[in-house]
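Q: no FASTA, just this:
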């Protein structure tokens, strides 16, 4: 989980940009993290990272092409230093994979504080926005994580999860699971 200070820092980064660019992993967790942040500020451009879980200097020209004033990297396991170095604007990296050391990046990963804490990037972005509960639930369950707000989701969206108790049951036997597949198939083409 993010600390209150980290949540505030990310929120300030979001609220103080006009044309951000979002690079996100090509799975529902990455897509949902992007959607949560994008819908919060309603500005910017999103790009799926299809080069495995890695973002390097080959993608940096998109920043200038779209005249971005800030870069958000979401759910990308490997952010290469050459990408950061090629960026002429601030880079904010929100992730939950094995931590890496990088310079000149604002890095938010709960595993920096607690190595075995593995929560989806969607959950971290939901902590920041506190909006779009259905997107947050979808991204968390898709990453096989049961969020602490699942009961709130059930109340707000009756019928999306019935009697399913486990993550596997929700994923494979509920309407929310069907939405997860829709998101997955859209990303995969």
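A: Done, it's in. Predicted, not measured: the structure shown is a model, and the values here were computed from it.
Q: rest of the way, CA atoms for contacts and neighbours
A: Fine.
Q: now the residue sitting furthest away from the middle of the chain. Its backbone dihedrals?
A: For the chain, the residue at maximal distance from the C-alpha centroid (C-alpha atoms, centre = their mean) is residue 163, at 27.7 Å. Dihedral angles of residue 163 (phi, psi; degrees, to the nearest 10) stand at phi -100, psi 10.
Q: repeat for residue 48
A: According to degrees, to the nearest 10, residue 48 has phi -80, psi 130.
Q: and if you look at residue 126?
A: Torsion angles, degrees, to the nearest 10, at residue 126: phi -70, psi -40.
Q: count the neighbours of the closest residue to it other than its chain neighbours for me.
A: Using C-alpha to C-alpha, 6 or more residues apart in numbering and skipping residues adjacent in sequence, the residue nearest residue 126 is residue 136, 6.1 Å away. Close neighbours of residue 136, defined as other C-alpha atoms under 10 Å, add up to 29.
Q: contacting residues for residue 136?
A: 32-33, 36, 122-123, 126 (C-alpha atoms under 8 Å, 6 or more residues apart in numbering).
Q: among those residues, which ones are in helices?
A: Applying DSSP state H to these, the entries found in helices are 32-33, 36, 122-123, 126.
Q: return the member of the residues you listed nearest to residue 22.
A: Set against residue 22, the nearest of these by C-alpha to C-alpha is residue 33 (9.8 Å).
Q: that closest one: what's it in contact with?
A: By C-alpha under 8 Å, 6+ apart, the contact set of residue 33 is 24, 74-75, 121-126, 136, 139.
Q: now the residue minimising distance to the centre of the chain, nearest residue through space, not along the chain?
A: Compute the mean C-alpha point of the chain, and by C-alpha atoms, centre = their mean the closest residue is residue 33, 2.7 Å away. Once flanking residues are discounted, residue 33 sits nearest to residue 122: 4.3 Å by C-alpha to C-alpha, 6+ apart.
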